[in-house]
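**Student:** Take this sequence and fold it.
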Amino acid sequence: MTNNWSDRVAAADDSRTQRSVDERLQDIGPLSGGWLPLTKQAAEVVDKTTSAAELVTHLDVSQYCRADSIPHWHDSKPFEPMLRAILLKKLEDASDGWLHRTLDSDPQLADALGFNPDDTPSRSTISRAQTNRFADLQSTIETATRQIQALAAERGSPIGTPYEDSASEEPTGSSKRTVNRLIRRKTRDLLDELQTVVLPAFEFDRPDDPVYDDEELLMLEACLGLTGTAANGGAETYGDFVNPDPDLDDPFYEDGPSGETLLEAIKDLSPTQIAEMVNQSAARVLTRAKPRLEFETPVMLSIDMTYVAFYGEREELVRVQGAPKDKSYNWCYKFATANVVGDNVHFAAAMLPVGHADYHDPESYPGKNRSYRVGDIVRRLVDHVNDVCRVHTRRLYADREFYATDVFSVLEQRDLFYVIPAPRDDRVKRFIARMDTDVEGQKQVTVKSEHAVYGPVKHGVSNTRAETTLVGLPPDEDCDEMQVFSTNLDVNDEIGLDRRLTKKQITRYRRRGGIETAYSKIKEFAPWTTSTNFSIRLFHFGFAVLLYDLWLLVDFLVQTLIDIIEFRTKPRVTAPRFRAFLRREVSALL
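**Tutor:** Below you'll find the model as predicted:
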């Protein structure tokens, strides 16, 4: 393959002879089986002027009513309006709170969706409905959302632009055309970045002189991630791009590697090899990005657990873990990711598989439990970011699964500040019950210092004591229930000013750790698979992390070139638009 990808793209711009957008989109559904019924309906409506709100009001969702687990006589919100509302939220990549506020402030939209404008669903109702009532439809909702967003991106629809911010944040007219040109230009530049920075870190363990070299296999992987297809179906689409008019009578006509060739090459890699290659690539991308990005010094690091549902038989699959109680599935794969967080970026710096002895030292812990330890996950991720990525970390935000004595010990040893949500155990519930109240009896910000936590610590005993500070926050517009965090920040609740400063510090972490480009977005760049092979699952997720980073880099570069660099809860270049642009450039390249 030639080394100058951008030249090949430019040369191909005027000579593309591809099928229509709609024909190609039907080949790239996440199931490689064409459009879902909801997507087919959307195809009849979506054009460059169609908004997500307009689209969902036209969708006939009655065929899904049979999946409703709540009887018709029950005093609950109607099924069809709730499903349309959830589709709207998903299409806009918005939060439950955003959906509640939008329906509450826009009676016409609420009525068009089928609600009583005076009785719209609360945030908690929306959240519970997704977890319980619509659990069986989750796959359908996610797949339809992804297909419709891809369709909208190809047709130039504003779907994916925040409903409440579309008038003020998104460029219009000539400025929008300028942004589109910049996206195309920077996406082409990143093809060179992909070849020179990402791909060289990967090496498959294959025989000498294979039919297809490693770069071609990795290009197929990129194609699968951009289109959301399974290996075999995506390989056929890839082959169409490689040779759109093959001589079928020639038994050796070129059509690119098969999906099976890619999967067999991945299976020969160990999880350790995959993680090292992904993290080496992520460090290279971050090194190239640092001169262009605006991080605080030292930086904040966000460590989270990503859950990938597992529905097969669990026997002998030692890497399959129990899923959190708030998930709609019982078993899952777990991947830990570390993200460098700044005012304008949420950059994935490293990932690790979770659930096996590869990334922890069980003999160094007391007791007979040999499952993974979150403390070792934190040790490895923090050390990788500091030592390999050469980014100095000072503050850390982690999700609830990392609330553990071992983690607190790690962070104190490394002199890191942290904020971690506290699980609702009996002691935390008692803390909530005893929180301070104002003169009206409403809960106030409350701080409890020297809260003792006990548990195993590496090279310690099974009931090592660690101390943390609990901070209780009352409900607000973003969360309608009490929230409790553990931290070692200097906080207190002596007077009103102290309480306000404490809340500001904690919510600052919450805001930055919850940027819209979160971990669900990484999975949008992963191929579709039902494989139970852990190496395949890990490789797909790891490569998706790298595509995610390239997306964020394009978004920031576009903001730089139009001279608008700001903290945004949503990227200017949405993920569907980036995938659509990059997919077109890759197809031209091939």
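
**Student:** Okay, now the unreliable bits of the stretch 201-350 of the chain?
**Tutor:** In the predicted model, the stretch 201-350 of the chain carries pLDDT under 70 at residues 234, 237-255, 291-298, 312, 314-318, 342-345.

**Student:** tell me the domain ranges of the protein?
**Tutor:** For the chain, the structural domains run 5-16+171-268+521-589, 35-155, 296-515, going by automatic domain parsing.

**Student:** Of all these, which one is nearest Leu286?
**Tutor:** Closest to Leu286 of these, according to Cβ to Cβ: domain 296-515, at 5.2 Å. Any C-beta I mention is one placed from the backbone N, CA and C, and that applies to glycine too.

**Student:** starting at the chain centroid, how far to the closest one?
**Tutor:** How far domain 296-515 lies from its chain's middle: 18 Å, per Cα atoms, centre = their mean, to the nearest Å.

**Student:** again, but for stretch 548-557
**Tutor:** That offset, for stretch 548-557, works out to 14 Å (Cα atoms, centre = their mean).

**Student:** in that stretch, what's buried?
**Tutor:** 548-557 (16 or more other Cβ atoms under 10 Å).

**Student:** Equivalent analysis for stretch 522-533, please.
**Tutor:** For stretch 522-533, a neighbour-count test (16+ other Cβ under 10 Å) marks 522-529, 531-532 as buried.

**Student:** Please list the outside residues in contact with stretch 490-500.
**Tutor:** Here stretch 490-500 makes contact (Cβ atoms under 8 Å, 6 or more residues apart in numbering) with 436, 444-447, 449, 469, 471, 501-502, 505-506.

**Student:** before we move on, the earlier item: so which of the buried residues of stretch 548-557 are in helices?
**Tutor:** 548-557 (DSSP state H).

**Student:** circling back to that earlier point, would you mind telling me which of the domains of the chain is nearest Met277?
**Tutor:** domain 5-16+171-268+521-589 (5.0 Å).

**Student:** Quick one: mean pLDDT over stretch 535-544.
**Tutor:** If you average the pLDDT over stretch 535-544, you get 91.

**Student:** still on that earlier bit, weakest of the domains of the chain by average pLDDT?
**Tutor:** Taking the mean pLDDT of these, domain 5-16+171-268+521-589 comes last: a mean of 69.

**Student:** wait, which of the ones in helices among the buried residues of stretch 548-557 is closest to Val341?
**Tutor:** Distance to Val341 across these (Cβ to Cβ) is lowest for Leu552, with 11.3 Å.

**Student:** Would you confirm that the closest one contacts Phe347?
**Tutor:** Yes - between Leu552 and Phe347 a contact is recorded at 6.0 Å, counting by Cβ atoms under 8 Å.

**Student:** Mind checking which of the buried residues of stretch 522-533 land in helices?
**Tutor:** Using DSSP H, the subset of the buried residues of stretch 522-533 located in helices is 522-524.

**Student:** Render the CA-only coordinates of stretch 418-426 in PDB, please.
**Tutor:** C-alpha atoms of stretch 418-426 as PDB (Å, rounded to 0.1, in the frame of the first residue of the first chain):
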ATOM      1  CA  TYR A 418      -9.700  12.400  44.400                       C
ATOM      2  CA  VAL A 419     -13.500  12.400  44.200                       C
ATOM      3  CA  ILE A 420     -15.300   9.100  44.000                       C
ATOM      4  CA  PRO A 421     -19.100   8.500  44.400                       C
ATOM      5  CA  ALA A 422     -19.800   6.400  47.600                       C
ATOM      6  CA  PRO A 423     -22.000   3.300  47.300                       C
ATOM      7  CA  ARG A 424     -25.300   3.300  49.300                       C
ATOM      8  CA  ASP A 425     -24.200   0.900  52.100                       C
ATOM      9  CA  ASP A 426     -25.800   1.100  55.500                       C
END
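
**Student:** list the buried ones in that stretch?
**Tutor:** Buried, per 16+ other Cβ under 10 Å, within stretch 418-426: 418-422.

**Student:** Identify the residues contacting that stretch?
**Tutor:** Contacts for stretch 418-426 (Cβ under 8 Å, 6+ apart): 395-400, 402-403, 407-408, 411, 428, 470, 483-489, 506, 509-510.

**Student:** Among these, filter down to the buried ones and hand me the ChimeraX syntax, if you would.
**Tutor:** Listed next is the ChimeraX selection for buried residues among the contacts of stretch 418-426, using 16+ other Cβ under 10 Å:
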select :395,396,397,398,399,402,403,407,408,411,428,470,483,484,485,486,487,488,506,509,510
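
**Student:** gap between the residue nearest to Ala323 when sequence neighbours are not counted and Leu470?
**Tutor:** Leaving aside its chain neighbours, Ala323 sits nearest to Cys332 (4.3 Å; criterion: Cβ to Cβ, 6 or more residues apart in numbering). Relative to Leu470, Cys332 is positioned 29 Å away (Cβ to Cβ, to the nearest Å).

**Student:** now Lys503
**Tutor:** Using Cβ to Cβ, we find Lys503 at a distance of 14 Å from Leu470.

**Student:** repeat for Val320
**Tutor:** 33 Å.

**Student:** One more: Asn463?
**Tutor:** Taken as Cβ to Cβ, the span from Asn463 to Leu470 is 20 Å.
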